[in-house]
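Student: take a look and give me a structure for this.
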Amino acid sequence: MRAVSAPTAGEPKSIGGVMNPEQLTIAGLERWLASGAHWRVVSISRRRAVVDLCTCMGEPIERVGSDDPGVIAYLRTAHPELDLKR
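Tutor: Below is the predicted model:
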């Protein structure tokens with residue numbers, strides 16, 4: 001496993017280099033699920049979303065973020081149980 005540097009304020013934490021913030025797309029999230037893995041929304045606002053990419057056992061391996069309004073809208077509809085009052 002490679003060393004992980006501490007993220008700066010507002011930056012996602014990278015563990016393992018699986019998907020970086022520039023690559024966070026709806027298609028990428030759907031491929032992640034299709035491979036048998038999971039992801040979960042860590043935080044979401046009108047302007048930014050942060051997602052943990054997890055193994056099939058639920059262990060987070062990378063934290064990624066997106067400012068893309070399409071990705072944010074997708075995450076809101078994909079997780080109706082999420083408390084969106086934040």
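Student: how near is Ala49 to Cys56?
Tutor: 22 Å (C-beta to C-beta, to the nearest Å). From N, CA and C alone the C-beta is placed, and that goes for glycine too.
Student: okay, those two: which has more neighbours?
Tutor: Neighbours per residue (other C-beta atoms under 10 Å) separate Ala49 from Cys56, with Ala49 holding more: 24 against 9.
Student: measure the more buried one to Thr77 for me?
Tutor: Counting by C-beta to C-beta, the gap from Ala49 to Thr77 is 12 Å.
Student: also Cys54?
Tutor: From Cys54 to Thr77 the distance is 20 Å (C-beta to C-beta).
Student: have a look at these two and say which one is more surrounded.
Tutor: Per other C-beta under 10 Å, whichever of Cys54 and Thr77 has more neighbours is Cys54, with 16 against 7.
Student: excluding its backbone neighbours, what's nearest the more buried one?
Tutor: Among residues not flanking Cys54 along the chain, His38 sits closest, at 4.4 Å (C-beta to C-beta, 6 or more residues apart in numbering).
Student: from memory that neighbour sits against Gly58, does it?
Tutor: Yes - His38 is within contact range of Gly58, at 5.9 Å (criterion: C-beta atoms under 8 Å).
Student: more crowded one of those two?
Tutor: His38 (15 against 10).
Student: for Gly36, give me phi and psi.
Tutor: The phi/psi pair for Gly36 (degrees, to the nearest 10) reads phi 100, psi 0.
Student: next, the buried residues of stretch 24-42.
Tutor: Applying a neighbour-count criterion of 16 or more other C-beta atoms under 10 Å, the buried positions in stretch 24-42 are 24, 28-29, 32, 37, 39, 41.
Student: can you check stretch 47-60 too?
Tutor: Applying 16+ other C-beta under 10 Å to stretch 47-60 flags 49-54, 60 as buried.
Student: out of the residues you listed, which is nearest to Asp67?
Tutor: Of all the buried residues of stretch 47-60, Ala49 has the smallest distance to Asp67: 8.3 Å, by C-beta to C-beta.
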